[in-house]
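Novice: here's a sequence, model it:
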Amino acid sequence: MSHRCSPGAANRGVTEFMACGGTDTRQCEERDIHDPSLRGRKEAEDMPQAVYTLTKEYKRRICEWIIHLNFSDGYTSNLSRCVDIKELRMHDMKSHDYHIFMQKLTPIAFREMLPKPVRSALTEVSLLFQILCSTMLDVNKVQELELSIATILCNLEKIFPPAFFD
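Specialist: This is a model prediction of the structure:
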């Protein structure tokens, strides 16, 4: 059996070739290739999850972890009220709560759930915001940030899609 696509496959593009599984186009019916609804379904089944995507189990674990977090009085509002365990989401957070989550909780929350490059990039962003949002700015730390911001952005661009930065 030949593993080459028909001569027209090169003109139809890589998407159609991949829709055929990279094998002989006779194995794919023309309606499967040209019907957008079927093609979208096949691509969704074949596409791997992004490295930063959390499974439902991990989302549930993070939500439960946040529900059981305790802070000293006045440090942050009750974050458990912001967790929707059914939807596995957080909502209605106050600005200060976002800052606490981004600066302090993000590196801890995702340390076991995300691959090292993603974890490192998120930790770098958290540290960046910790330094920028501190009550007293240290000139040396700000200068270090100025030198490392390009590297941080580059690491983020390697992981997240361009639409993330719009």
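
Novice: what's near enough to touch the most centrally placed residue in the chain?
Specialist: In the chain, the C-alpha nearest the mean C-alpha coordinate belongs to Y52, at 3.5 Å (CA atoms, centre = their mean). Applying CB atoms under 8 Å, 6 or more residues apart in numbering to Y52 gives the contacts L114, V118, I159, F160. To be clear about C-beta, it is placed using only N, CA and C from the backbone, and glycine gets the same treatment.

Novice: can you flag which of those belong to helices?
Specialist: V118, I159 (DSSP state H).

Novice: drop anything exposed from the contacts of Y52.
Specialist: Buried residues within the contacts of Y52, defined by neighbour count using 16 or more other CB atoms under 10 Å: L114, V118, I159.

Novice: adding distance to A150 and pLDDT, write those out as JSON lines.
Specialist: Below are those laid out as JSON lines (distance: CB to CB, whole Å; pLDDT from 0 to 100):
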{"residue": "L114", "distance to A150": "23", "pLDDT": "94"}
{"residue": "V118", "distance to A150": "19", "pLDDT": "95"}
{"residue": "I159", "distance to A150": "16", "pLDDT": "95"}
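
Novice: pick the one among those residues closest to E57.
Specialist: L114 (13.6 Å; CB to CB).

Novice: hmm, the closest one is touching T53, no?
Specialist: No - under the criterion of CB atoms under 8 Å, L114 makes no contact with T53, lying 9.2 Å away.

Novice: thinking again about what came up before, give me the three-state assignment for the residue nearest to the centre of the chain.
Specialist: coil (DSSP: H, G, I helix; E, B strand; the rest coil).

Novice: what values do phi and psi take at it?
Specialist: phi -90, psi 0 (degrees, to the nearest 10).

Novice: what does R89 give?
Specialist: phi -140, psi 170.

Novice: can you pull the pLDDT of F165?
Specialist: Note on F165: pLDDT of 87.

Novice: with adjacent residues omitted, what lies nearest to it?
Specialist: Spatial nearest neighbour of F165, excluding adjacent residues (CB to CB, 6 or more residues apart in numbering): E157 at 7.4 Å.

Novice: number of residues surrounding the one you found?
Specialist: 13 (other CB atoms under 10 Å).

Novice: and it, that's in a strand?
Specialist: No - looking at E157 with three-state DSSP, it is helix, so not inside a strand.

Novice: ok, it to F129 distance?
Specialist: Distance from E157 to F129, counting by CB to CB, to the nearest Å: 18 Å.
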